[in-house]
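Peer 1: Structure for the following, please:
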Amino acid sequence: MNEKPISTGYLLKRFYPYFKPYLHILIFDLLCAAFTGACDLVLPLMVRYITNTATTDLAALSVGIVAKITAAYIALRIIDVLANYYMQNTGHVMGAYIETDMRRDLFDQFQELSYAYYSGNKTGQLISRITTDLFDIAEFAHHCPEEYFIAAVKIVTAFVILLRVNVILTLVVFAMIPLMLFFALKYRVKLRRAFKWQRSELGEINAHVEDSLLGIRVSKSFANEDVEQERFEEGNKRFLTTKKVSYKNMAGFRSVTRFFDGLMYIVIVFLGSMFLIRGRINAGDFVAYLMYIGVLLEAIRRIVEFTEQFQKGITGIERFVEVMDTHIDVDDEADAIEAPDISGDIEFENVSFSYDDASAAGHKGSEGGGIDSDRVLNNINLKIRKGENIALVGPSGAGKTTFCNLIPRFYDVSGGSIKVDGTDIRRYKVRSLRSKIGMVQQDVYLFSDTVAANIGYGRPGASMEEIRQAAVLAGADGFINELPDGYNTYVGERGARLSGGQKQRISIARVFLKNPPILILDEATSALDNESEYYVQKSLTELAKGRTTITIAHRLSTIRNADRIIVLTADGIAEEGTHEELMQMEGGVYAAMNSIIL
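Peer 2: Alright, predicted model coming up:
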């Protein structure tokens, strides 16, 4: 909450490019805004004319003149209605366009950010930035130019007209405005900080709700609903605290302006009455003066009312800029090339890697146990031939998953290089490289869509026949056809309507459809029962044929037939060889692991 905010000028500068394509709408919108203020500015002049004429020469005030004045005012009101309609319709649509463009860019940035970013940020916080924040920015984009433009037109015009009525009275009144703004703007920074804190806590609530709902089966199985309710209540109360702070500052802001609002009226009534008594101002001018002060104060009140929305919008822009300015750890080099039809040779040359603090938390979950930001891999040298079936084994935390995540560049190496077909993978465009690599992981993620759509995700645009063929190769066609709607069956959120084995075979079918030359299997069967493991392992064996395959497995029975087994420890590669060769090593790590399992 005490973090120094980014300057408003810089944020507006970053926001301007999103305004630029719609400047033609904005210009006409501001023109309409000027028309909406015309009635308020012209009416006091009409009343002044009628009052002065009535008090000095009543005979000159004919029905015809009054009718003409009335007709002119009605015409202005019709223009005002049409202008206001445009502002409320097209003006709001302009804000929606800007919101849409910013949401597109923000989502694109989310797609480009590396694993490290998501390890250090909660999903609920990110969702808040792409929804609530952008909604407030859209309101800001539409109302900010209008409100300040209308206020500026009214204040400047009223000032010029009032100077012609009474210079002294006008200068006294307008001298109060800077004083009012001085005290009122003291709350501006406090409001900005309060709104940013409020957004952060709202993001925390979103994150907790998402986490709780996704884990609802776990909480119910442990009868821990009350624990979840207590956790939510804590976050809910923190959010309430932020609201209290923001409302306290808003109350102070509005109280200051309200005080000066009343003070101006008192000064006008008192001094105006004195001038009226002494003949330095006539009745019509005095009435017009009071009306213009009303217009002036109404303009100031609108600015005050908009201050809350302004600060929310600026806070939203600030949070948007924070994401857009986040460095993309893994990106294409300036002269990166498309990955060709690679054969699958992989070489690690003196590869070292360490997680930074931002990604350490996410890494702990994947590697299982005490991983901090210290070096995970150190001077790894390994050659994998095309079509070779390699198995990675070793204790938890040794870096097996990290080893595999470096090949598709989910992270970049800290030292050394990884080559595919003799070319450093950093020379390839990231998406092009990843299109050549298929991954089957223990934690299968299925999208909330149909079976066919989830398999088709492996190669967008694939025909239904190709999807079906991929399912056949994965051994999934049989159970898919038994589902209520076959391939059109909705799988539920994260595939909740399917068993673990069924989800895994669908994920394998997805990779079959992709048909990559390099395959990474990250403990793909460790969470399955024996029957499901049998069918999935059979599918994986079929999938691995003719591909360079790297398998991570805790169940050593699944990798006995690997061409080579690599034993990875905290000190690096400890052993390598076939199952038979490693079992013959006296005091070897692999032999010890087998004896523990047996």
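Peer 1: Please name every helix or strand in contact with the one helix or strand residue 454 maps to.
Peer 2: Secondary structure assignment for residue 454, by DSSP states H and E: helix 451-456. The helices and strands touching helix 451-456, judged by 3 or more Cβ pairs under 8 Å, 6 or more residues apart in numbering; DSSP states H and E, are helix 464-473, helix 500-514. From N, CA and C alone the C-beta is placed, and that goes for glycine too.
Peer 1: Can you say which of the ones you listed is nearest to residue 482?
Peer 2: helix 500-514 (10.2 Å; Cβ to Cβ).
Peer 1: any idea of the mean pLDDT for the closest one?
Peer 2: Across helix 500-514, the average pLDDT comes to 87.
Peer 1: Check the offset of it from the chain's centre.
Peer 2: Taking Cα atoms, centre = their mean, to the nearest Å, the mean C-alpha location of helix 500-514 is offset from the chain mean by 30 Å.
Peer 1: May I have that helix as PDB, with CA atoms only?
Peer 2: The C-alpha atoms that make up helix 500-514 are tabulated as PDB, following Å, rounded to 0.1, in the frame of the first residue of the first chain:
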ATOM      1  CA  GLY A 500      -7.900 -40.200 -14.500                       C
ATOM      2  CA  GLY A 501      -7.100 -42.800 -17.100                       C
ATOM      3  CA  GLN A 502      -9.600 -41.500 -19.600                       C
ATOM      4  CA  LYS A 503      -8.200 -37.900 -19.200                       C
ATOM      5  CA  GLN A 504      -4.700 -39.200 -19.700                       C
ATOM      6  CA  ARG A 505      -5.500 -41.100 -22.900                       C
ATOM      7  CA  ILE A 506      -7.300 -38.000 -24.300                       C
ATOM      8  CA  SER A 507      -4.100 -36.000 -23.600                       C
ATOM      9  CA  ILE A 508      -2.100 -38.800 -25.300                       C
ATOM     10  CA  ALA A 509      -4.400 -38.600 -28.300                       C
ATOM     11  CA  ARG A 510      -3.800 -34.800 -28.400                       C
ATOM     12  CA  VAL A 511      -0.100 -35.500 -28.800                       C
ATOM     13  CA  PHE A 512      -0.700 -38.200 -31.400                       C
ATOM     14  CA  LEU A 513      -2.500 -35.600 -33.400                       C
ATOM     15  CA  LYS A 514       0.300 -33.100 -33.000                       C
END
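Peer 1: same for that helix, what does it pack against?
Peer 2: On the basis of 3+ Cβ pairs under 8 Å, 6+ apart, helix 500-514 makes packing contacts with strand 437-441, helix 451-456, helix 464-473, helix 477-482, helix 530-544.
Peer 1: next helix or strand past it?
Peer 2: Following the chain from helix 500-514 toward its C-terminal end, the next helix or strand by DSSP H and E is strand 518-522.
Peer 1: That following strand - which strands sit beside it in the sheet, and in what orientation?
Peer 2: Next to strand 518-522 in the sheet, as set by DSSP bridges, lie strand 437-441 (parallel), strand 548-552 (parallel).
Peer 1: Between those strands, which shows the greatest average number of neighbours?
Peer 2: Per-stretch averages of neighbours, counted by mean count of other Cβ atoms under 10 Å, single out strand 548-552 among the strands paired with strand 518-522, with a mean of 25.
Peer 1: Show the subsequent helix or strand relative to it.
Peer 2: Going down the chain from strand 548-552, the next helix or strand is strand 564-569, by DSSP H and E.
Peer 1: Other residues contacting that next one?
Peer 2: Counting by Cβ atoms under 8 Å, 6 or more residues apart in numbering, strand 564-569 makes contact with 382, 388-395, 398-400, 403, 559, 573-579, 582, 588-590, all of which sit outside it.
Peer 1: My guess is residue 271 contacts residue 169. True?
Peer 2: Yes: between residue 271 and residue 169 there is a contact at 5.5 Å, judged by Cβ atoms under 8 Å.
Peer 1: of the two, who's got more company?
Peer 2: Between residue 271 and residue 169, counted using other Cβ atoms under 10 Å, residue 169 has the larger neighbour count: 23 against 17.
Peer 1: Give me the distance between the more buried one and residue 161.
Peer 2: Residue 169 sits 12 Å away from residue 161 when distances are taken as Cβ to Cβ, to the nearest Å.
Peer 1: secondary structure class for residue 279?
Peer 2: Residue 279 carries the three-state label coil when classified by DSSP: H, G, I helix; E, B strand; the rest coil.
Peer 1: what are the phi and psi angles of it?
Peer 2: When quoted as degrees, to the nearest 10, the phi and psi of residue 279 stand at phi 80, psi 20.
Peer 1: Could you do residue 414 as well?
Peer 2: Dihedral angles phi and psi of residue 414 (degrees, to the nearest 10) take the values phi -80, psi -30.
Peer 1: re earlier: could you identify which of the strands paired with strand 518-522 has the lowest mean pLDDT?
Peer 2: strand 437-441 (a mean of 87).
Peer 1: Hey, what's the angle from it to helix 500-514? Just curious.
Peer 2: Note on geometry: by axes from the mean of the first three to the mean of the last three Cα atoms, to 10 degrees, strand 437-441 and helix 500-514 are set 180 degrees apart in direction.
Peer 1: Tell me what angle strand 437-441 forms with helix 530-544.
Peer 2: Using the same axes, to 10 degrees, the interaxial angle of strand 437-441 with respect to helix 530-544 works out to 170 degrees.
Peer 1: Now strand 437-441 - C-alpha only, PDB.
Peer 2: Extracted C-alpha coordinates of strand 437-441, given in PDB (Å, rounded to 0.1, in the frame of the first residue of the first chain):
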ATOM      1  CA  ILE A 437       7.800 -31.200 -29.000                       C
ATOM      2  CA  GLY A 438       5.000 -33.100 -27.400                       C
ATOM      3  CA  MET A 439       4.400 -33.400 -23.700                       C
ATOM      4  CA  VAL A 440       2.300 -35.800 -21.600                       C
ATOM      5  CA  GLN A 441       2.300 -34.800 -17.900                       C
END
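Peer 1: chain center to that strand: distance?
Peer 2: For strand 437-441, the distance between its averaged C-alpha position and the chain's averaged C-alpha position is 27 Å (Cα atoms, centre = their mean).
Peer 1: coming back round to it: the helices and strands packed on helix 500-514 into CSV, with extra columns for distance to residue 508?
Peer 2: Output for those, formatted as CSV (distance: least, Cβ to Cβ, whole Å):
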stretch, distance to residue 508
strand 437-441, 6
helix 451-456, 10
helix 464-473, 8
helix 477-482, 12
helix 530-544, 5
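Peer 1: Which one of the ones you listed lies nearest to residue 95?
Peer 2: Comparing the helices and strands packed on helix 500-514 by their distance to residue 95 (Cβ to Cβ), the top pick is helix 451-456, with 33.4 Å.
Peer 1: Can I get the closest one as PDB, trimmed to CA atoms?
Peer 2: Output for helix 451-456, consisting of C-alpha atoms alone and laid out as PDB, is shown next (Å, rounded to 0.1, in the frame of the first residue of the first chain):
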ATOM      1  CA  VAL A 451     -13.800 -34.500 -26.100                       C
ATOM      2  CA  ALA A 452     -13.200 -33.700 -29.800                       C
ATOM      3  CA  ALA A 453     -12.100 -30.100 -29.000                       C
ATOM      4  CA  ASN A 454      -9.700 -31.300 -26.400                       C
ATOM      5  CA  ILE A 455      -8.000 -33.700 -28.800                       C
ATOM      6  CA  GLY A 456      -8.100 -31.200 -31.600                       C
END
